[in-house]
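A.B. asks: Structure of the sequence below:
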Amino acid sequence: MARIWSWANRVTLARIGLLFFLVALVYDHNLWSRFWAAIIAVVVIIGDWLDGFLARKLHESSKLGSILDIAGDRIIETILWIVLADLDLVPLWIPIVVISRSILTDSIRNYLMRYGYTAFGESTMMRSKLGKFLTGSPVMRTGYAVLKAMTFSWLLLISAMDRLWNEIPFLTEKFLSAAYLAGYIAAMVTAVVSLARGIPAIIEGTQMIVSLDAKQTQANTR
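C.D. replies: Purely as a prediction, here's the structure:
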């Protein structure tokens, strides 16, 4: 039970709880609700760094924590992309591509977990230096978390400003158009980085599965 209720896992579960509160705020009719949702989006995404930091600092790293961390990230990303698409803040193809990539990489990781491999850490399924850097390095993980936080919160903030048209003096149609364009570009960059981090996992994971299956077949024929 100690591992289940570690501080890192508590942060992960708290992030998921905050996410559902964020979604409720997004669809609330109060004019300021989406403004608060944008702030919570930053907390939810940056919390991904916090749970990893706590796991390392308190020596709470475990396979369960790794699973919860990845599951939490997927739930948060998937729901936020769907919400943003539903609000017409991003084109539908972005969540389709990102979610498809996540399902494929997670399916590969789940299979390899039977053999003791994990997504990150000492038992990582990644073998190449590039793959380890893109998927597990602090630079890429932190950078991607910051990028997602900026993208999701900015788009929600734009949506909030759109609703607060009469409340904020400096809002103009030109300003909002530029803000929406910046949000669209940020969403595109986030989607590209997501794919760039997923492709090595798909390629190397597939190669490892083929190798493991070949070894299993050889063992069964002896």
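A.B. asks: can we go C-alpha only for contacts and neighbour counts from here?
C.D. replies: Noted.
A.B. asks: where does the protein dip in pLDDT?
C.D. replies: Along the chain, the model assigns pLDDT under 70 to residues 1-5, 7, 50-56, 58-65, 119-121, 166-167, 169, 222.
A.B. asks: top helix in it by residue count?
C.D. replies: helix 173-221 (DSSP state H).
A.B. asks: Now do the strand or helix carrying I108: which elements does it pack against?
C.D. replies: If you go by DSSP states H and E, I108 is part of helix 93-113. Using 3 or more C-alpha pairs under 8 Å, 6 or more residues apart in numbering; DSSP states H and E, the elements in contact with helix 93-113 are helix 63-86, helix 173-221.
A.B. asks: mind checking how far the longest one is from the chain centre?
C.D. replies: For helix 173-221, the separation from the chain centroid amounts to 11 Å (computed by C-alpha atoms, centre = their mean, to the nearest Å).
A.B. asks: Repeat that for stretch 91-100.
C.D. replies: Per C-alpha atoms, centre = their mean, the centroid offset for stretch 91-100 relative to its chain is 13 Å.
A.B. asks: what's next to it, contact-wise?
C.D. replies: Outside stretch 91-100, the residues within contact range by C-alpha atoms under 8 Å, 6 or more residues apart in numbering are 78, 81-82, 85, 187-188, 191, 194-195.
A.B. asks: same thing with stretch 172-184?
C.D. replies: 89-90, 151, 154-155, 158, 162.
A.B. asks: could those residues go into TSV alongside neighbour count?
C.D. replies: Formatted as TSV, the contacts of stretch 172-184 follow (neighbours: other C-alpha atoms under 10 Å):
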residue	neighbour count
L89	20
V90	22
T151	24
W154	24
L155	25
I158	20
D162	17
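A.B. asks: Just give me the closest of those to I199.
C.D. replies: T151 (21.5 Å; C-alpha to C-alpha).
A.B. asks: Contact partners for that closest one?
C.D. replies: 183, 186-187, 190.
A.B. asks: about what we covered before: now the longest helix of the chain against helix 93-113, angle please.
C.D. replies: 30 degrees (axes from the mean of the first three to the mean of the last three C-alpha atoms, to 10 degrees).
A.B. asks: going forward, begin numbering at 42 instead of 1
C.D. replies: Fine by me, first position is 42 from now on; the one you just mentioned is helix 214-262.
A.B. asks: any idea of the angle helix 214-262 forms with helix 104-127?
C.D. replies: 140 degrees.
A.B. asks: Help me confirm that L130 comes into contact with L196.
C.D. replies: Yes. In terms of C-alpha atoms under 8 Å, L130 counts as a neighbour of L196; the distance is 6.6 Å.
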